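Novice: Please find the sequence and the predicted model below.
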Amino acid sequence: MRTPHLETPLDGFIVHPVRTDADRYALEEWLQYETFLGIDTETEGLAYDDEVRLVQLANKNEAWVFDPKENAGIVQEIVLGHYDLVAHNATFDALALAKDPEKLMTVCEDTQIMAHLLDPRTTQDGGIGHGLKPLCDHYLGAGAIDGQTALKQRFKELGLTIASGFRNIDLWDDTYVVYGGLDAGLTVRLHDILAPKIKESGLNNIYEFERHVSRICAGMSARGIKVDMDHAIETYKELEDEELQAVRKVSIYGVENVNSTAQVAEALLARGVELTEKTNSGKWKVDKTVLNSLDDPVAELVQQAKSAGKAKESWVKPIAQEAFRNEGRVHPRIKTLGAKTGRMSVERFQQLPTADYRIRGCLIPDEGHTLVAVDYSQVEVRVMAYLAGERNLIEAFEAGEDVHSSIASRLYGDDFSPEQRSLAKAAIFGKLYGAGPKKLSETTGVSQNQAKKVMNGLNRSFPRLSRWSSTLVDKARFNGGFINTPTGRRLPVVRGYEYKVTNFITQATAADLFKGALVELSDAGYEENMLMVVHDEIIFQTQEDPEEFAAKVIEIMSGSLGDVPIEAEATIAESSWGSLYKKDLSLV
DNA sequence: ACTAGGAGCGCG
DNA sequence: AAAGCGCGCTCCTAGT
């Protein structure tokens, strides 16, 4: 008996639930004639160990929706790359379906990557956005209702929350099935519109590049990183204790909740502390900088409590919880197009504190392996030197010594002081980010007048930097708010904020340099060694002699950008990832 | 009960 | 004329 198909709100689009043997035969037959399929999965949730509940395959007119547990053969063929596919965020579906996402991703186009390359702005940023819903609204018109919106409504009717809905809704609930199938079909229709646009816009090379990068990073997600559970639990307890003690002490001063800025401000004012800064919404500002400038026990205790609480709740607890459910490993989720500049972002494990090395100390290599971290040194400044064609800065790098010292000697002569070196360093970073004298004086503590002098000096010593920025700003103004990077990425610039282009293009170029290194490392056979990426740093583990391994990897990652040498540096961990940061503490 | 935005803090 | 950039996560607060 065939299960009747379901109608959908999308013109002429139907959905076939696959529930009986007859349904399965019909699906098998359909698959024989289809050459290109949209794929989507519905999972219990977003965690690494959440299981796939439904798989949807579609062409632009119909979708087939099946339970992967009852159709293991088809799932196997998908995972082995036997069908040409398109998904919206292929990484997610590939990781949900397979422990080894490589083969699937090799044959799977990705409309999310296409969308990001065509317009990297989020909806909040004034762009089209990268979710299936906003993209369908924009490219397919109003009739194209995506699954999420309708499902939310359905969950409400059933008295379910979003989280519990995806996990608990009846597998064959009509709305669930219809909109699941619809999403796969919409992905196909979106692909039919976006793929030609990618070609027309000359973005095909970078699209294939991004797909390759996403494949490599999905591999890292799947591999995961081993967790030292004993250490994690021990650290959790220590942090809990630190937090509790500070909370107890500060409550004597009337602060019941250290995370309430209002309470903190009130307690400080009551003690006669003078607060001077306010936030945008007119409340007293009591952030780290403000609290650090105060010599007051409340300020200190609040900070202690907050930082211990943050470390405990944001980092150690999630690591321990995930490892507990996933055979002692954490699986970072890497968004290869995390930022509009093309930079990657990593959910949960990117911003682990470095100062408190107990946190990174939770992450350890597999048995018999050593962790090796390799990062690019001052890569963005180098990229800026290259893009601006600033000879003097390039020479500073070619000299091969400490570049900030080279810059300082250009500004202050050879007998510059350590303070002047720091100032030079802050100034070049300020240049990179487009800071003014006000900001520079805030970050360095020198007067605004002095900051201005430093910046003028920098401009005199490296004249091409300023000329390059103003040319870029003009370009952005006359180019419809978009500029192109050397790798062909299109970067949007908000009107009135054109000064940001210098940072955007530098960050984007550095990101592509880094992604290029990932591809080279993969080609050279080092993919299995890669565990994690952090902007311009790769964490490897190796069974080889770590020194030799590091040398080989550095060789691959190093190179040059025009005349600018690009250098990578390695640090070898004695034990955990955290052990790399212990030396920082001894310096303090 | 849930959501959105602000504030704050972590990373490069 | 001047403008520090890009992220993710948690907690609080106010609004629905």
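Specialist: Received, thanks. Predicted model only: the values in this text are computed from it and were never measured.

Novice: Skip ahead from the helix or strand where residue A:458 lies and say which helix or strand is next.
Specialist: Under the criterion of DSSP states H and E, residue A:458 resides in helix A:448-461. Next helix or strand after helix A:448-461 toward the C-terminus (DSSP H and E): helix A:463-478.

Novice: May I see the buried residues of that following helix?
Specialist: The neighbour-count check on helix A:463-478 (16 or more other C-beta atoms under 10 Å) flags A:464-466, A:468-469, A:472-473, A:475-476 as buried. Backbone N, C-alpha and C define where each C-beta goes, glycine included.

Novice: which among those residues gets closest to DNA strand C?
Specialist: residue A:473 (6.5 Å; C-beta to the nearest atom of the strand).

Novice: Leaving out the residues flanking it, which one is nearest to the closest one?
Specialist: residue A:498 (4.4 Å; C-beta to C-beta, 6 or more residues apart in numbering).

Novice: Phi, psi for residue A:486 please.
Specialist: Main-chain dihedrals, residue A:486, degrees, to the nearest 10: phi -60, psi -30.

Novice: Number of residues surrounding it?
Specialist: Residues within reach of residue A:486, counting by other C-beta atoms under 10 Å, total 15.

Novice: go on, residue A:170?
Specialist: 10.

Novice: again with the one 10 residues further on
Specialist: Residues near residue A:180, counting by other C-beta under 10 Å, number 24.

Novice: again, but for residue A:445
Specialist: The burial count for residue A:445: 12, using other C-beta under 10 Å.

Novice: per-residue confidence for it?
Specialist: On pLDDT, residue A:445 comes in at 88.

Novice: Against DNA strand B, how distant is it?
Specialist: 18 Å (C-beta to the nearest atom of the strand, to the nearest Å).

Novice: and if you look at residue A:102?
Specialist: Per C-beta to the nearest atom of the strand, residue A:102 is found 27 Å from DNA strand B.

Novice: Also residue A:248?
Specialist: Counting by C-beta to the nearest atom of the strand - residue A:248 and DNA strand B are separated by 20 Å.

Novice: Over to residue A:580?
Specialist: 10 Å.

Novice: go on, residue A:241?
Specialist: Taking C-beta to the nearest atom of the strand, one finds residue A:241 at 18 Å from DNA strand B.

Novice: wait, is that residue part of a strand?
Specialist: No - counting by DSSP: H, G, I helix; E, B strand; the rest coil, residue A:241 falls outside a strand, being helix.

Novice: Contact residues of chain A facing DNA strand B?
Specialist: A:161-162, A:261, A:279-281, A:283, A:285-289, A:291, A:303, A:306-307, A:310, A:350-355, A:375, A:507, A:534-537 (C-beta under 7 Å from any atom of the strand).

Novice: Point out the ones among those residues that are inside strands.
Specialist: Using DSSP state E, the members of the residues of chain A next to DNA strand B that fall in strands are A:375, A:537.

Novice: so for stretch A:531-538, what's the average pLDDT?
Specialist: Rounded mean pLDDT across stretch A:531-538 is 92.

Novice: What count of nearby residues applies to the closest residue to DNA strand C within the stretch 401-550 of chain A?
Specialist: Nearest residue of the stretch 401-550 of chain A to DNA strand C, counting by C-beta to the nearest atom of the strand: residue A:436, 1.7 Å away. Around residue A:436 there are 13 other residues, counting by other C-beta under 10 Å.

Novice: ok, back up a step: among the residues of chain A next to DNA strand B, name the ones that also lie close to DNA strand C.
Specialist: Among the residues of chain A next to DNA strand B, DNA strand C is touched by A:261, A:310, A:350-351, A:507, A:535 when using C-beta under 7 Å from any atom of the strand.

Novice: From the residues you listed, keep the buried residues only.
Specialist: A:261, A:350, A:507, A:535.

Novice: just these: which has the poorest pLDDT?
Specialist: On pLDDT alone, residue A:350 ranks lowest of these, at 75.

Novice: Can you name the residues that contact it?
Specialist: A:332, A:534-535 (C-beta atoms under 8 Å, 6 or more residues apart in numbering).

Novice: and of those residues, the nearest to DNA strand B?
Specialist: Looking across the contacts of residue A:350 and measuring by C-beta to the nearest atom of the strand, the closest to DNA strand B is residue A:535, at 3.5 Å.

Novice: For the stretch 301-450 of chain A, which residues score under the pLDDT cut-off?
Specialist: The stretch 301-450 of chain A contains no residues with pLDDT under 70.

Novice: got it, and chain A?
Specialist: Short version for chain A, where the test is pLDDT under 70: A:142-147, A:583-588.

Novice: could you redo the last one with a cut-off of 50?
Specialist: Residues of chain A meeting the criterion pLDDT under 50: A:584-588.

Novice: State the distance from the residue of the stretch 401-550 of chain A closest to DNA strand C to residue A:471.
Specialist: Per C-beta to C-beta, to the nearest Å, residue A:436 is found 19 Å from residue A:471.

Novice: do residue A:63 as well
Specialist: 50 Å.

Novice: again with residue A:77
Specialist: 53 Å.

Novice: Looking at chain A, which helix is longest?
Specialist: helix A:174-200 (DSSP state H).

Novice: Just the buried residues of that helix, please?
Specialist: A:175-191, A:194-195, A:198.

Novice: swap in stretch A:522-534?
Specialist: A:522, A:526-527, A:529-534.

Novice: so of the residues you listed, which ones are in strands?
Specialist: Per DSSP E, the buried residues of stretch A:522-534 map to strands at A:530-533.

Novice: need those in TSV with distance to DNA strand C, can you?
Specialist: Output for these, formatted as TSV (distance: C-beta to the nearest atom of the strand, whole Å):
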residue	distance to DNA strand C
A:530	19
A:531	17
A:532	14
A:533	12
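
Novice: from the residues you listed, which is closest to residue A:429?
Specialist: residue A:533 (21.9 Å; C-beta to C-beta).

Novice: coming back round to it: and the helix or strand following the longest helix of chain A, what does it pack onto?
Specialist: Scanning forward in sequence from helix A:174-200 by DSSP H and E, the next helix or strand is helix A:204-223. Here helix A:204-223 touches helix A:90-97, helix A:102-106, strand A:108-110, helix A:111-118, strand A:333-335, helix A:501-523, strand A:530-533, going by 3 or more C-beta pairs under 8 Å, 6 or more residues apart in numbering; DSSP states H and E.

Novice: Is DNA strand C within reach of helix A:204-223?
Specialist: No - Helix A:204-223 lies out of reach of DNA strand C by C-beta under 7 Å from any atom of the strand, never closer than 12.6 Å.

Novice: Quick one: residues in contact with that helix.
Specialist: When contacts are defined by C-beta under 8 Å, 6+ apart, helix A:204-223 is touched by residues A:48, A:90-91, A:94-95, A:98-102, A:105-106, A:109-110, A:113-114, A:116-117, A:198, A:331-334, A:336-337, A:344, A:487-489, A:515-516, A:518-519, A:522, A:527-528, A:530-533.

Novice: 6 Å instead, please
Specialist: A:91, A:94-95, A:99, A:101, A:105, A:113, A:117, A:198, A:331, A:333-334, A:336, A:488, A:515, A:518-519, A:522, A:527, A:530 (C-beta atoms under 6 Å, 6 or more residues apart in numbering).

Novice: Show me which of the residues of chain A next to DNA strand B are buried.
Specialist: Buried among the residues of chain A next to DNA strand B (16+ other C-beta under 10 Å): A:261, A:286, A:291, A:303, A:306-307, A:350, A:352-353, A:375, A:507, A:534-537.
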